[in-house]
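Asker: Please find the sequence and the predicted model below.
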Amino acid sequence: MQVFVAEADVERTRNVVGDGLPDAFRGWPTRFGWDDVPVSHHVEVATLDSFTHERLGFDPLSEIALESWLATPQQLLLEATAGSVVHDPGGRLARMRDALAWYPDDVWVWLLACQWRRIDQEEPFVGRTAEVGDDLGSRTLAARLARDAMRLCFLLERRYAPYAKWLGSAFRLLDASTTVGPPLEAALAADTYPDREEALIDALIAVARLHNAAGVTAPVGEEPGWFHERPFRVLGSARFVDACLERVTDERLRALPLVGAIDQWVDSTDVLSYPRGVERLAAGRWTP
């Protein structure tokens with residue numbers, strides 16, 4: 001739990017919480033630790049400003065810069081906007097959560113383009129590795145594509161993707177899981193490349209249908225084809241990239257390479273779980 005109070009009340013409130021919590025509540029201990037975390041209660045008392053500064057590195061109640069949207073991992077945006085609010089008499093917390101509820105439209109569509117680009121770049125490699133007898137490489141690439149397809153579904157449904165440990169659990173709550181989930185599971189379970197290819201194609205067609213149903217762009221063809229003259233069937237995701245880019249009007253975004261936001265090109269836990277890490281990394285002084 002987080003309790004937000006005025007700066008002058010932080011220390012006093014911390015003492016009230018620490019002194020007033022019973023040892024247990026309904027049979028559960030109120031103080032606990034894990035690994036290297038010492039035993040303590042986990043009621044955080046802070047100002048709202050210090051919370052957003054430490055978790056996000058910017059003030060969401062001011063105009064949010066494009067750089068802030070792109071440098072903030074989705075799992076941290078989710079942390080700031082999920083969970084129930086027990087008491088918010090001034091409405092300031094609600095305004096903060098509303099500001100962070102989802103990306104501005106241009107940013108969202110550009111991120112979709114970047115996610116489709118990731119899929120477009122690697123979908124033929126599942127077959128190309130299998131062709132030279134690299135079954136482990138083919139399976140590994142299929143798993144990468146499965147994760148990228150899942151994260152694309154989060155974007156299409158305007159839901160922030162969580163920390164990797166919870167990605168599958170959260171994916172099951174998406175509408176997309178009913179059509180995209182089964183073929184992805186089949187692709188990861190396939191023992192042969194032909195079965196793997198067929199399942200991946202089915203999954204990506206399902207994602208393409210979700211894209212068109214969402215009306216994000218002008219309708220895009222959903223039929224798969226061959227990878228140039230090679231014997232590998234692919235969706236050909238580049239046309240979805242192009243359709244998204246046609247909708248992006250922000251010249252700053254259009255001028256950027258299609259690598260996306262921080263968690264589309266970085267998957268280090270130390271970066272994505274450490275809110276100020278990107279800022280410090282950019283400044284050349286990474287200190288976890």
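Answerer: Okay, I see it.

Asker: which residue sits closest to residue 144 in space, ignoring its chain neighbours?
Answerer: The shortest distance from residue 144 to any non-neighbouring residue, by Cβ to Cβ, 6 or more residues apart in numbering, is to residue 122 (6.4 Å). Bear in mind the C-beta positions are built from the backbone N, C-alpha and C, glycine included.

Asker: shouldn't the one you found be in contact with residue 141?
Answerer: Yes. Counting by Cβ atoms under 8 Å, residue 122 does reach residue 141; the two are 5.9 Å apart.

Asker: Who has more neighbours out of the two?
Answerer: The neighbour comparison of residue 122 against residue 141 (other Cβ atoms under 10 Å) goes to residue 141, with 22 against 17.

Asker: give me the element that one is part of.
Answerer: For residue 141, the enclosing helix or strand under DSSP states H and E is helix 135-156.

Asker: ok, and for that helix, which residues are buried?
Answerer: 138-139, 141-142, 145-156 (16 or more other Cβ atoms under 10 Å).

Asker: Where does pLDDT dip in the stretch 151-288 of the chain?
Answerer: The model of the stretch 151-288 of the chain has pLDDT under 70 over residues 275-288.

Asker: What are the boundaries of the helices in it?
Answerer: Along the stretch 151-288 of the chain, counting by DSSP state H, counting those that start in this stretch, helices occupy 167-171, 177-189, 193-214, 238-247, 251-254, 262-265, 269-272, 277-282.

Asker: who's in contact with residue 207?
Answerer: 149, 152-153, 156, 176, 180 (Cβ atoms under 8 Å, 6 or more residues apart in numbering).

Asker: ok, 6 Å please
Answerer: Residue 207 is in contact with 149, 152, 180, counting by Cβ atoms under 6 Å, 6 or more residues apart in numbering.

Asker: Next: residue 39.
Answerer: 31, 33.
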